[in-house]
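Enquirer: following is a predicted model, sequence given first.
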Amino acid sequence: MGKKKSRALITPKKLLRVSGRIIRRRGKKPGAAPGTMVHTGEKRVEKARITLIRYGADDFESREIERTEIAGCFPPPDAGRVTWLNVDGLHDTELLHELGERAGLHPLIVEDIVSVGQRPKQEEYENNHFVVLRMLRYEETNHQVEEEQLSIVVGPDYVLSFQEAPGDSFDPVRDRLRLARGQIRSRGADYLAYALMDAVVDPYFVVVEKIGDRIEDLEQDVIVDPRQATASAIHHLKNELLVMRRAVWPLRDLFNALLRDDSPLFTELTRVYLRDAYDHAVQVIDNTETMRDLTAGLLDMYLSSVSNRMNETMKVLTLIATMFIPLTFLVGVYGMNFEFMPELHWAWAYPVLWIVMIGLAVTMFIWFRRKSWL
Amino acid sequence: MGKKKSRALITPKKLLRVSGRIIRRRGKKPGAAPGTMVHTGEKRVEKARITLIRYGADDFESREIERTEIAGCFPPPDAGRVTWLNVDGLHDTELLHELGERAGLHPLIVEDIVSVGQRPKQEEYENNHFVVLRMLRYEETNHQVEEEQLSIVVGPDYVLSFQEAPGDSFDPVRDRLRLARGQIRSRGADYLAYALMDAVVDPYFVVVEKIGDRIEDLEQDVIVDPRQATASAIHHLKNELLVMRRAVWPLRDLFNALLRDDSPLFTELTRVYLRDAYDHAVQVIDNTETMRDLTAGLLDMYLSSVSNRMNETMKVLTLIATMFIPLTFLVGVYGMNFEFMPELHWAWAYPVLWIVMIGLAVTMFIWFRRKSWL
Amino acid sequence: MGKKKSRALITPKKLLRVSGRIIRRRGKKPGAAPGTMVHTGEKRVEKARITLIRYGADDFESREIERTEIAGCFPPPDAGRVTWLNVDGLHDTELLHELGERAGLHPLIVEDIVSVGQRPKQEEYENNHFVVLRMLRYEETNHQVEEEQLSIVVGPDYVLSFQEAPGDSFDPVRDRLRLARGQIRSRGADYLAYALMDAVVDPYFVVVEKIGDRIEDLEQDVIVDPRQATASAIHHLKNELLVMRRAVWPLRDLFNALLRDDSPLFTELTRVYLRDAYDHAVQVIDNTETMRDLTAGLLDMYLSSVSNRMNETMKVLTLIATMFIPLTFLVGVYGMNFEFMPELHWAWAYPVLWIVMIGLAVTMFIWFRRKSWL
Amino acid sequence: MGKKKSRALITPKKLLRVSGRIIRRRGKKPGAAPGTMVHTGEKRVEKARITLIRYGADDFESREIERTEIAGCFPPPDAGRVTWLNVDGLHDTELLHELGERAGLHPLIVEDIVSVGQRPKQEEYENNHFVVLRMLRYEETNHQVEEEQLSIVVGPDYVLSFQEAPGDSFDPVRDRLRLARGQIRSRGADYLAYALMDAVVDPYFVVVEKIGDRIEDLEQDVIVDPRQATASAIHHLKNELLVMRRAVWPLRDLFNALLRDDSPLFTELTRVYLRDAYDHAVQVIDNTETMRDLTAGLLDMYLSSVSNRMNETMKVLTLIATMFIPLTFLVGVYGMNFEFMPELHWAWAYPVLWIVMIGLAVTMFIWFRRKSWL
Amino acid sequence: MGKKKSRALITPKKLLRVSGRIIRRRGKKPGAAPGTMVHTGEKRVEKARITLIRYGADDFESREIERTEIAGCFPPPDAGRVTWLNVDGLHDTELLHELGERAGLHPLIVEDIVSVGQRPKQEEYENNHFVVLRMLRYEETNHQVEEEQLSIVVGPDYVLSFQEAPGDSFDPVRDRLRLARGQIRSRGADYLAYALMDAVVDPYFVVVEKIGDRIEDLEQDVIVDPRQATASAIHHLKNELLVMRRAVWPLRDLFNALLRDDSPLFTELTRVYLRDAYDHAVQVIDNTETMRDLTAGLLDMYLSSVSNRMNETMKVLTLIATMFIPLTFLVGVYGMNFEFMPELHWAWAYPVLWIVMIGLAVTMFIWFRRKSWL
């Protein structure tokens, strides 16, 4: 029944890791000049890896590049094709600084990329769009929702993406690009950006399903055998849903802003797809809220279950006590040592007393039954 | 009293079925090209059935058609008449793909039609409107609200509707068409679309009534005999209301958008009726919220009922214990074996002790009464 | 103290009667053509009664008319005067159908008039305004808020009003018309409509006052003698407030719409009065919400009261038990039959033991007092 | 610790007094013509007192006037100066009617002035502004928030103010006028109106402080000695905060409307000050909400405190009972009268039993300690 | 585990200190002319200190000035450079009055600067912008969030800042100015104002982290050893979060207003940075709300933990009582003194009774186990 697993405790630290990072960075030098780059995450990868993908309707090129090659990427040589630069690993601030300079990013963009506790948001700059999303993953071993920050910069004919650690989230997009599946190769950089955002939002549904399973497990526990560990697990789940909520709630505004925006970067054709992404975001938000309601319901049920069990225990105690206390009193009476107690000398007194006592017990039992205390 | 029935347990799985399907589809190929068609529901019917209805003010024709005949349906031959194509069964994605192509549907429409966990929504495309609704049915056997997705595409002179399984929801509309009852035959495709939406929203009132009956049953249980199963049933009901709420809340926005929309597809005449449908939707939402309040009230009452019963049990225990404990002490005193206990040798000691004990018990009883503990 | 009265139980059926009627009507023929008239209420009056009032600045005429005379009422003969047709009893759908046809009402208006479970609303049609309100009455015998639907149609020089049963709500308006009190006779149909709406909203204050009295009674119960019936009565009251809330919340939007509307039907002069009605509606809503807060507070107080009493009971049990249990043990010791128990043979053993026991009891009592357990 | 004081009970009647008055007025003649004047408050003063203040930049005149002099006040003789008419006492409806006629007030204004249960509001009429505010005072004796209605009418060069009873709230304003302190004498009627409103809002901060003190007292009670009276006092406080909230919440909208308004009555110079008043209103609202949160927290703490005490009582009972019950059983064993019980004849049986029993008790005590039940 | 520390009690006084100050000020002279300066805080510094910093792209000058030098600071001599006047200590109202006059501040600005209980806000005046913020600091010794008010006035080429006490918050800004780090020297007064606001918002993240740690500590307490002091500490934390919330919630509107504003004071370049500050504010608000949710969860968990422990205690009592009560009854039976009790004379009666009793106890123990009461 997975009771062992459910002993995992609440870890607000984890939940606050996001803010914790920001604090550590800014805490060191409050008042430091804005645009100062301080990486606030853990170093998750030894060396930052840069992958360059360049494609047009008819060609596709993908390779890992070195730092020295960055300069050659900007400005993107031929405007008809799209350049996608993906960076895995954010601890090398110098590298990112250089990349930012070459690509003409505003210092605040680069600052946000490396401080990995951002809320999902989109910002329009003069000649590009900056989007921050959070990738979610449900860790089955400790029932936690793991987060990773993804930053995307979309320019007229290039896309830059930044992840904390290498992952396989974008593999399907790469495959579609390589195999020219769908229309992705014939569309511009804005469609690629959409495809990446879609590849981030899609796995949310997996997390929703996993948490749904977890809710079902906990429900079994609550019904079959509610104990303190179950309550802890429900509280833990509530907190994980807080993490989830923080990642998905801002998406509604984010996609809405992209849709309503009159920026020329996003074409009408792509906006239809962004509307679809918005739709998915709303669905995830909807599911998250539903699961919060379910979890709150679980807690209510746990409490009513515990209080019911206490009630039952109490009834047993009451039954036993009230049945035996009068009897014990009776036998106490005939244990007294008075000189003049006529009953003591009657021949049938003892068996009669037994009959009286049994009768009394049966009467009380029936009375309790009728009062439906048993 | 239906206590057996009320033992039905919470099933978040059911509630999450909607998202579960989406997840399964998208979970398999996260990052798959948007517009990819994957049916996410169960195959509820052996073979998809297509029904073609074509009518004008003076004629009416209805027949089941084969896949090969789809091509002939588009573009609808004569503009003065309305073509209604209804598809039962969504597992045959190829069929739907072909139908989509012929009818000139955007790939995202077809994708949404087959992924049956959509939130109710309406989307305006270049030359048609896409509406998703959820049909609800209250299953009396397990007290669950069953859902089915209905997708409607409205074009200038055609309506396409897609259901997961054949049902009789649209029979009244077909009858009105066949018998030329009301004004339905003299109106255009937009009015037919409205009639279908109305036929989906109408049964919600039936579900509301059934849930209202259920609330009344549970209330009886709470007052007459509250037990753990009652609490479970209330929780279950709360979750069913979550299902209901998810189906009806988005309707307000949906109809509002259709009303405010300046799309030429919907005529002024039809808009008056859409306002009526909007009105019904608001009424269902209102009822759903009221029932949520009632259910929350039921739970409160269950808890106060349980706590009251525990209180009563406690009082009985306290009464019996406090009445007999002093008496038992007294008889214990005269069971002692001291050599020098003068009372033991008094002739009237025994009866006097009885009188004292009975007096004590009566006094305590009266005292309890006055303190209103009994 | 009215404890008997407060035993009235929750009746969600009553609360859902509104929706219940709608369901029954629509449930029978889901998909029936919109505009189909089905009366959903109980037949409250034997024969529908139609009263015709016609007045101008200088004349006034009032009489009951027969069905055959309806035809003669439309169009209202002389434009300078106002025609008011009031119908009591809605079961005679044929009559209403004819009246609707003569007055040129949209079929949806007539449908809404006879389905008596409408939410308060206002709708603008081409040449008239349709307003639905709910008349409220507090029934003292069962502490329920009784509802009745009132529909008003305002045209350029006529007002139609429809009630489920004859009542005296409009008598003051009739009196003012007859006696030419105030400015009502010199104003148009829009002012009459306002006067009728005002005559519906005014009695809400009476209901508020009655419910306020009820809250005070229940508060006494909670403080003086909280029992299960009190909890039931509070829950019942909460549900009645739900009924009330459903009737008054929509009024804010309703009057707001009438005020903001640029319909030529309502003159500037009348709008000042509608703003006053809006103001009253807001005040009633305010009161309703305050009473909901008060009722929630009552429930909290009931629970804390019950838990306090349980605590008190528990303390008495603990006191008695802990005082006598050690003593009973002691007397048990000297009831043992060991051959060698020296105390048994001491002459002063018995009185000394009494002193010890009394001393023990007093010590414990003082200890409890100091710990403030008593 | 003021425990006696905290026994004050909830008085919803008081809270509903506002609506109660309205109901009484309107309840008597539902449907009475709008604009009918019925005073709904208690007669708080024997004879209504009218004070006339007239001032310009260089002169100031203040005197009490008789009813007969009202006629001479309108229209205000010289436009350069400001006329302020203050009325204390609202029961003399004839006087107010006459005043209203002379000043050209809309009948609805006069109706609202005398029905003293208005929600704070502002209404723009053709040639004046009507503002209703509620004056608050914290009554220390019964810990209640006392209310009084203040109505202000601002015209181009006059201000009318109406209070239920004479008070000293406006004395500082009068002093500033008399002594020409600040800029009040050189500003117009709009600034005077602002000064009066400011003089109403300022004392709210005093009420906030008093309630803050009350919260602190109750907190002490909850921590030191929580009892039923404390719970009642907290509930009472919650209700007083409801009164407060009803008086201050509408102020945000009220001042906002005055600020946004393009009425020529309020000059730009005065609007800066109105923004300041708006600011104060928001601060009071903020404080009120904070105090509501604090009070809710108090109640939670009371409940957890009570449940903690119950837990403690329970532990003592359990300790005593579980320690003595086995011992009592043991001594019972050796009180049996079997013929063949070898222990009874052992010489050391008695002392050995004592040792065993003491050992048992100590063992259990240590066990409980380790389980941290003690 | 810091249990000692967590005994800190709720102190609403502290929370209300803010309003308390306002009340004291305004309480003394309700109705005093607006613009009257009364310092409402404690005198935190002996003598107000004024620091003058003047800089341009190429020069920097910083020195403490005397009151007599204020006159020379206005108007700022050369428009190309920025003048920043920082005042520490607000009790010297005369000084502030003079400064206000020289700088041409509206009287309401100066009034707000010295009444230190302002809500964060921004106000646009004719020729300058007034911003009020609250500096927060987490005091580890008593786990309280300490507040201080900061007022900033931004003019075309000057910035005035006012703090209650000298602090080091602005040191980094001063360092950046002195060392010409970043672009701060080449930007105008608006950028300096932004830098100061940023220096106020940055430390909020430190407070968030500290409170996060506190939540983690309390969680340990709740799980390991929940007691009354833990509940008090959680309540205390909730109240501190209220303080925090009041300081950060208004920031969203504040920065939004600055961003949307079309005031010429803030250049486009600076607005990009204000958007960043807005972003940080939203993140802090987000964290605050999350921590409120976590704290509410902690309280729930504390309650379920206490109720679980009570349940456990109850079970032990029930176990011991129900196992020994029947046995005690049995030994009581054979302690009776009836003349005719055959068992008493059987040779094996005593050992057989022991066997029976042990058997009974074991049976009950197994039964309890199976019912999982143990």
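Expert: That came through, no problem.
Enquirer: quick check: the residue of the stretch 101-250 of chain A nearest chain B.
Expert: The nearest approach of the stretch 101-250 of chain A to chain B comes at residue A:172, 2.6 Å away (CB to the nearest CB). Backbone N, C-alpha and C define where each C-beta goes, glycine included.
Enquirer: is it correct that that residue falls within a helix?
Expert: Yes. Counting by DSSP: H, G, I helix; E, B strand; the rest coil, one finds residue A:172 located in a helix.
Enquirer: that one reaches residue A:199, doesn't it?
Expert: Yes. Using CB atoms under 8 Å, residue A:172 makes contact with residue A:199 at a distance of 6.5 Å.
Enquirer: ok, these two, which is more surrounded?
Expert: Taking neighbours as other CB atoms under 10 Å in any protein chain shown, residue A:172 and residue A:199 compare with residue A:199 leading, 22 against 19.
Enquirer: where does that one land in three-state SS?
Expert: Following three-state DSSP, we place residue A:199 in the helix state.
Enquirer: chain D versus that one, what's the distance?
Expert: Separation of residue A:199 from chain D (CB to the nearest CB, to the nearest Å): 42 Å.
Enquirer: can you pull the pLDDT of that residue?
Expert: Confidence per residue is given as pLDDT, and for residue A:199 that number is 92.
Enquirer: gap between it and chain E?
Expert: Counting by CB to the nearest CB, the separation of residue A:199 from chain E is 25 Å.
Enquirer: what ranges do the strands span in chain A?
Expert: With DSSP state E applied, chain A shows strands at A:49-55, A:60-65, A:82-88, A:121-124, A:129-139, A:144-154, A:158-163, listed in chain order.
Enquirer: tilt between the first one and strand A:60-65?
Expert: If I follow you right, that is strand A:49-55. 160 degrees (axes from the mean of the first three to the mean of the last three CA atoms, to 10 degrees).
Enquirer: try the third one
Expert: In this structure, strand A:82-88 runs at an angle of 30 degrees to strand A:60-65, with the same axes, to 10 degrees as the basis.
Enquirer: buried residues in strand A:82-88?
Expert: The neighbour-count criterion (16 or more other CB atoms under 10 Å in any protein chain shown) identifies A:82-88 as the buried residues of strand A:82-88.
Enquirer: also the fourth one?
Expert: Taking 16+ other CB under 10 Å as the basis for neighbour counts, the residues of strand A:121-124 that come out buried are A:121-123.
Enquirer: show me which of those residues is closest to residue D:229.
Expert: When the buried residues of strand A:121-124 are compared for distance to residue D:229 (CB to CB), residue A:121 wins out at 51.8 Å.
Enquirer: what's the nearest residue to that closest one if we skip its chain neighbours?
Expert: residue A:132 (5.3 Å; CB to CB, 6 or more residues apart in numbering or on different chains).
Enquirer: and residue A:93, by the same measure?
Expert: Setting aside the residues directly before and after it, residue A:93 is nearest to residue A:37 in space (CB to CB, 6+ apart), at 4.6 Å.
Enquirer: would you mind listing what in chain A touches chain D?
Expert: Contact residues of chain A with respect to chain D, defined by CB under 8 Å from any CB of the partner chain, are listed as residue A:335.
Enquirer: can you add pLDDT and give the buried residues of strand A:121-124 back as JSON lines?
Expert: As requested, the buried residues of strand A:121-124 are arranged in JSON lines below (pLDDT from 0 to 100):
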{"residue": "A:121", "pLDDT": "93"}
{"residue": "A:122", "pLDDT": "92"}
{"residue": "A:123", "pLDDT": "91"}
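Enquirer: from the residues you listed, which is closest to residue E:365?
Expert: Using CB to CB, the shortest approach to residue E:365 within the buried residues of strand A:121-124 belongs to residue A:121, at 62.3 Å.
Enquirer: ok, the closest one touching residue E:279?
Expert: Yes. Taking CB under 8 Å as the definition, residue A:121 is a contact partner of residue E:279 at 6.7 Å.
Enquirer: one step back: what distance do you get for the residue of the stretch 101-250 of chain A closest to chain B to residue A:284?
Expert: When distance is defined by CB to CB, to the nearest Å, residue A:172 is 19 Å away from residue A:284.
Enquirer: do the same with residue A:365
Expert: For residue A:365, the distance to residue A:284 (CB to CB) stands at 57 Å.
Enquirer: ok, those two, which is more surrounded?
Expert: Between residue A:365 and residue A:284, counting by other CB under 10 Å, residue A:284 is the more crowded of the two (25 against 13).
Enquirer: what would the buried residues of strand A:82-88 look like in JSON lines with pLDDT?
Expert: Converted to JSON lines, these look like this (pLDDT from 0 to 100):
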{"residue": "A:82", "pLDDT": "92"}
{"residue": "A:83", "pLDDT": "92"}
{"residue": "A:84", "pLDDT": "94"}
{"residue": "A:85", "pLDDT": "93"}
{"residue": "A:86", "pLDDT": "94"}
{"residue": "A:87", "pLDDT": "93"}
{"residue": "A:88", "pLDDT": "91"}
